[in-house]
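Undergrad: predicted model and sequence follow; I will ask about them next.
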Amino acid sequence: ALGVLTACEPPPSDGSDLGVVVVAPPATGAVGQATPVVAGITNHGTDPAVGARVGYVVPDAVTVAEVTGRRVAACTGPSPVAGTSFLVGSCELGTLAPGSSTSVEIALVGVTAIGASDVHVLVSSPGEPPGTGASNQATFSHRVIAGQTIAFPDPGPVAVGSSFVVSGTAATTAVLHYVS
């Protein structure tokens, strides 16, 4: 049996044009600690972006503790992507008027230490064909390092402005300067 493949045009744009920018993305986070990522989202289009969403793709060594923002509504994820080492999730933003902007904060939490890996933040709306207009995706490199807590013995009374040495193993010796 022969099949017929018919090319279809994508649905017409509704006039919305969402863009996303990650503001000062964090290069490093620590295992077990939340690292905030702030994303600015703007509708550059001439019509409202109805059903706008923000999404993310993170390596599985990172999870997303929460997504917050004035317009953030129901969220899904993070969920594993079958056959990959990535997690995905998204949140509803509702309707963004033409020219309006909003921001969301995504709290990344390192699960295991990893070298640099890409984190993706994406925006979409049902009436906007993918890959058109403003940049619908922001990508940055993020590294997770092992968290470290160092306990030093109490040095006793120390005069303001003086220095003292606290030592333990070679990795935990420090010279501290008391300033207040």
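TA: Ah, there it is.
Undergrad: and G32, how many residues sit next to it?
TA: 11 (other C-beta atoms under 10 Å). Where you see a C-beta, it was placed from the backbone N, CA and C, and this is true even at glycine.
Undergrad: distance of it from A116?
TA: From G32 across to A116, the span is 19 Å (C-beta to C-beta, to the nearest Å).
Undergrad: quick one: contacts for the spatially closest residue to T28 that is not a sequence neighbour?
TA: Distance criterion C-beta to C-beta, 6 or more residues apart in numbering; nearest residue to T28, sequence neighbours excluded, is R143 at 4.9 Å. Shown in contact with R143 (C-beta atoms under 8 Å, 6 or more residues apart in numbering): A27, T28, G29, I114, G115, A116, S117.
Undergrad: of those residues, select the buried ones using a PyMOL command.
TA: Per 16 or more other C-beta atoms under 10 Å, the buried members of these correspond to this PyMOL selection:
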select buried, resi 29+114+117
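Undergrad: output the contacts of R143 in TSV, with secondary structure appended to each entry.
TA: Shown next, in TSV, are the contacts of R143 (DSSP: H, G, I helix; E, B strand; the rest coil):
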residue	secondary structure
A27	coil
T28	strand
G29	strand
I114	strand
G115	strand
A116	strand
S117	strand
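Undergrad: which one of the contacts of R143 is nearest to R70?
TA: G29 (24.3 Å; C-beta to C-beta).
Undergrad: now the closest one. Nearest residue, chain neighbours left out?
TA: T35 is the one closest to G29 (C-beta to C-beta, 6+ apart), at 3.5 Å.
Undergrad: secondary structure class for the one you found?
TA: Three-state assignment for T35 (three-state DSSP): strand.
Undergrad: how many residues are close by it?
TA: Neighbour count for T35, taken as other C-beta under 10 Å: 19.
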